[in-house]
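Asker: Pasting the sequence and the predicted model now:
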Amino acid sequence: MLTRAARRAVSPAACRLHAATSQWGSRSVAGFWTRANDATRPQSSGIHGSLGRTPLTTMAASAQSSSATTGVVDATQELSKKGAFVRTESQFRDALGSDKYPVEAGRYHLYVSYACPWACRCLMVRNLKGLQDAIGVSVVHPVWVQTKPGVDEHRGWGFGTDFAGADGDPIYGAATVRDLYERLAGGQKVTKFTVPMLVDTKTDTIVNNESSEIIRMLTSVCDSISSNPGLDLYPAELREAIDAVNAWVYPKLNNGVYRSGFATTQEAYDEAVAEVFEALDDMEEILSKQRWLAGDGKRFTEADLRAFVTIVRFDAVYVTHFKCNRKTIREYPNITDFMREIYQMPGISDTVDLDHIRHHYQRSHPSINKYGIVAVCPDPLLDAPHDRARFPQA
């Protein structure tokens, strides 16, 4: 199993720190609260502010008016007139393997959050493909912070090292992911500052911030720098079947939990949560008959990986925080064992951090969890034995 150090290894060519040329200088990254003192965390101000009780509610109250003047948004504000969450498309969509971005070890760096399912599917592919020595990684602090105090009330990903597993930014010395976007966007206007973000450290540009495309690149064009080049998570003969699974897993489950959690009307919530459990019921039925989701179920593919990142977070945060509480994953025996089999694959456990997951969701969304209380969660027993070997695989 990969160590945490290996998982977050910074690629050799990417180890330079742009402090001398940084646009931001040495901004403070104080204001984060670790798990050890979370129960008694005091209120604080500064560049990152506090995400304790009073500041959370204050930020929530002013976020809408702030966004109207600056144009920036966070995910909780992407709403239709009917109160439904509508995710905006990712903005940066270039590709590795092109003339502009040739595949080179040590050139590219991935910014991620352990809390974010979209970012973690990129981490999973990086580990499964054996790209740890070729593509560096930095992990943001799990709790959203105020990204431009005095300018607007936007809250988003920041860098800090006082939460186990979180890194600073070793490449550009940024205080927040927003800082990175504003430096590396090449003059493009950016109003949403998300992870994952794949950066070319040679040209100081953003290659891509769409996770579904990043995982395809890592699995298909990086064989020359990979220690596991034989792994293909999107094989030609299964692409139609994989696409068919993704076509319902994404809107109903991956994005469905967010549609449920961020809904601001009963109608929007009812529609979203019904689709979440429709997807889980269908998945349980499929997995009662075969090992994996796509095609005849004999081969682990991208479709399984994309489902896993939502399933592994479900009982810890989506049941309570996003009100997806008709059933828990523990009540789906085949999905539970499917989750455990994937978690126990080499390198996958290093991409799952329930502390980051719980603290992010429950301390970053004041419109949902006013006081930032981090709820307890059941032990998912991810290392427990599973019975998936009863089904054949290729």
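Answerer: Yep, it's here. Residues are numbered from 1 along each chain as shown.

Asker: Need phi/psi at the residue nearest the centre of the chain.
Answerer: The centre of the chain sits closest to residue 116, judged by Cα atoms, centre = their mean, with a distance of 2.1 Å. Here is the backbone geometry of residue 116 (degrees, to the nearest 10): phi -80, psi 120.

Asker: Excluding chain neighbours, what is closest to it?
Answerer: residue 195 (5.6 Å; Cβ to Cβ, 6 or more residues apart in numbering). In short, each C-beta sits where N, CA and C put it, glycine included.

Asker: show me what contacts the one you found?
Answerer: 111-113, 116, 118-119, 140, 157, 177, 209 (Cβ atoms under 8 Å, 6 or more residues apart in numbering).

Asker: In strands, which of the residues you listed appear?
Answerer: Those of the contacts of residue 195 mapping onto strands are 111-112, per DSSP state E.

Asker: Quick check: the closest residue to residue 196 other than its chain neighbours vs residue 246, distance?
Answerer: Leaving out its chain neighbours, the residue that sits closest to residue 196 by Cβ to Cβ, 6+ apart is residue 119, at 4.1 Å. Relative to residue 246, residue 119 is positioned 18 Å away (Cβ to Cβ, to the nearest Å).

Asker: So these two - more neighbours on which side?
Answerer: Neighbours per residue (other Cβ atoms under 10 Å) separate residue 119 from residue 246, with residue 119 holding more: 27 against 19.

Asker: my guess is that one meets residue 126, correct?
Answerer: No - using Cβ atoms under 8 Å, residue 119 is not in contact with residue 126, being 10.6 Å away.

Asker: can you give me the strands for the chain?
Answerer: 108-112, 136-139, 145-146, 155-156, 197-200, 205-208.

Asker: Check which helices and strands the fifth one sits against.
Answerer: When contacts are defined as 3 or more Cβ pairs under 8 Å, 6 or more residues apart in numbering; DSSP states H and E, strand 197-200 packs onto strand 108-112, helix 177-184, strand 205-208.

Asker: Distance to residue 231 and mean pLDDT added to these, as JSON lines?
Answerer: As requested, the helices and strands packed on strand 197-200 are arranged in JSON lines below (distance: least, Cβ to Cβ, whole Å; pLDDT from 0 to 100):
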{"stretch": "strand 108-112", "distance to residue 231": "18", "mean pLDDT": "99"}
{"stretch": "helix 177-184", "distance to residue 231": "29", "mean pLDDT": "97"}
{"stretch": "strand 205-208", "distance to residue 231": "20", "mean pLDDT": "98"}
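
Asker: Return the most buried member of the ones you listed.
Answerer: Ranked by mean neighbour count, these are led by strand 108-112 with a mean of 26 (mean count of other Cβ atoms under 10 Å).

Asker: Tell me what angle it forms with helix 177-184.
Answerer: Using axes from the mean of the first three to the mean of the last three Cα atoms, to 10 degrees, the inter-axis angle of strand 108-112 relative to helix 177-184 is 150 degrees.

Asker: residue contacts, residue 118?
Answerer: Applying Cβ under 8 Å, 6+ apart to residue 118 gives the contacts 194-196, 211, 309.

Asker: again, only this time at 10 Å
Answerer: Contact partners of residue 118, counting by Cβ atoms under 10 Å, 6 or more residues apart in numbering, are 90, 112, 194-196, 209-212, 214-215, 254-255, 306, 309.
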